[in-house]
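Visitor: output the structure for:
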Amino acid sequence: MSDAPSAPDTRTAVIAAALDLFAEHGFESTSVEQIAQAAGVSRSTFFRQFGGKDDVVFADHELLLERARAWLATGHDDPWEAVCQASLDVYRHFAADPDLARRRYAVVRGAPALRDREIVTVFRYERLFDEYLRGALPGLDPVDAVGFSAAVTAVHNHVLRRLLRGPKRVPATTLRQALDGVRRRYGVLADDAPTGDDVVVAAFPRRMPLAEVTRRLRDELEG
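Guide: Numbers count the residues shown, from 1 in each chain. Below you'll find the predicted structure:
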């Protein structure tokens with residue numbers, strides 16, 4: 001996925017000012033008026049760019065969710081990899097400015113209302129991936145779709161928390177390797193050649209209904 005264009009200077013200034021105030025005074029004790037004044041914008045400009053002060057904290061996620069949705073909608077030969085690329089794109093965004101990401105993380109951790117919204121935001125990524133896989137792979141078992149989506153999201157968050165909680169940079173290659181592990185567990189890593197017990201060879205009469213072929217293969221694999 002290509003990098004998104006830089007946000008307007010005024011929007012960036014508002015986010016930075018808000019995070020500074022939240023860190024100094026607390027989220028609940030900081031008003032929109034204080035944020036607007038610190039950022040050098042009017043109250044109306046603030047509300048035009050953000051719906052409320054909590055939206056300042058999650059503004060990047062709104063943009064990233066839309067970007068991921070647009071990316072997935074372009075069509076991909078490998079839907080599993082497309083989901084992983086969307087996850088990597090989100091990670092690279094926050095890893096590009098770890099200091100800002102860590103400041104945002106500290107604010108969220110200190111405000112229960114923001115932690116609740118964070119949980120909802122994480123679920124929105126998972127649901128986006130789930131719905132995409134079901135649409136891109138007709139007939140895919142919904143359990144596999146939601147399981148893969150949940151695994152990708154969980155692995156992403158695990159690696160991101162390593163970045164947010166520590167002073168060192170955690171490169172995107174760390175997440176790439178972890179996501180390859182998820183794909184390998186689901187048997188959808190393109191370069192992972194099957195060997196040994198991973199290979200199943202079966203022969204069926206051509207006239208046998210596909211449903212019966214599927215049933216017998218499932219019995220063999222689960223047996």
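Visitor: please make it C-alpha for all contacts and neighbour counts, starting now.
Guide: Noted.
Visitor: and residue 185, how many residues sit next to it?
Guide: 11 (other C-alpha atoms under 10 Å).
Visitor: how far off centre is the helix or strand in which residue 56 is found?
Guide: Using DSSP states H and E, residue 56 falls within helix 53-57. Averaging C-alpha positions (C-alpha atoms, centre = their mean, to the nearest Å) puts helix 53-57 19 Å from its chain's average.
Visitor: again, but for stretch 20-27
Guide: Relative to its parent chain, stretch 20-27 has a centroid offset of 26 Å by C-alpha atoms, centre = their mean.
Visitor: what does stretch 109-127 give?
Guide: Chain-centre distance of stretch 109-127: 12 Å, with C-alpha atoms, centre = their mean.
Visitor: residue 77: what secondary structure?
Guide: Applying DSSP: H, G, I helix; E, B strand; the rest coil to residue 77 yields a three-state assignment of coil.
Visitor: show the pLDDT at residue 197.
Guide: Looking at residue 197, its pLDDT is 64.
Visitor: ok so, going back, for the helix holding residue 56, packing partners?
Guide: helix 9-25 (3 or more C-alpha pairs under 8 Å, 6 or more residues apart in numbering; DSSP states H and E).
Visitor: got the contact list for the helix it packs on?
Guide: Residues from elsewhere that reach helix 9-25, judged by C-alpha atoms under 8 Å, 6 or more residues apart in numbering: 27, 29-30, 35-36, 38-39, 41, 46, 49, 53, 56-57, 100, 103-104, 106-107.
Visitor: point out where the protein drops to low pLDDT.
Guide: 1-9, 191-199, 207-209, 211-212, 215-216, 223 (pLDDT under 70).
Visitor: that one: helices as residue ranges?
Guide: Under the criterion DSSP state H, the chain contains helices at 9-25, 32-39, 43-49, 53-57, 59-72, 79-95, 98-109, 112-136, 142-165, 172-185, 210-222.
Visitor: distance to residue 203 for these - can I get that in CSV?
Guide: Output for the helices of the chain, formatted as CSV (distance: least, C-alpha to C-alpha, whole Å):
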stretch, distance to residue 203
helix 9-25, 61
helix 32-39, 69
helix 43-49, 62
helix 53-57, 57
helix 59-72, 36
helix 79-95, 28
helix 98-109, 54
helix 112-136, 28
helix 142-165, 26
helix 172-185, 26
helix 210-222, 9
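Visitor: nearest to residue 204, of these?
Guide: With C-alpha to C-alpha as the measure, helix 210-222 is the member of these nearest residue 204 (7.2 Å).
Visitor: can you report how many residues lie near the closest residue to residue 183 other than its chain neighbours?
Guide: Residue nearest to residue 183 in three dimensions, not counting chain neighbours: residue 189, with 5.0 Å by C-alpha to C-alpha, 6 or more residues apart in numbering. Neighbourhood size, residue 189 [other C-alpha under 10 Å]: 17.
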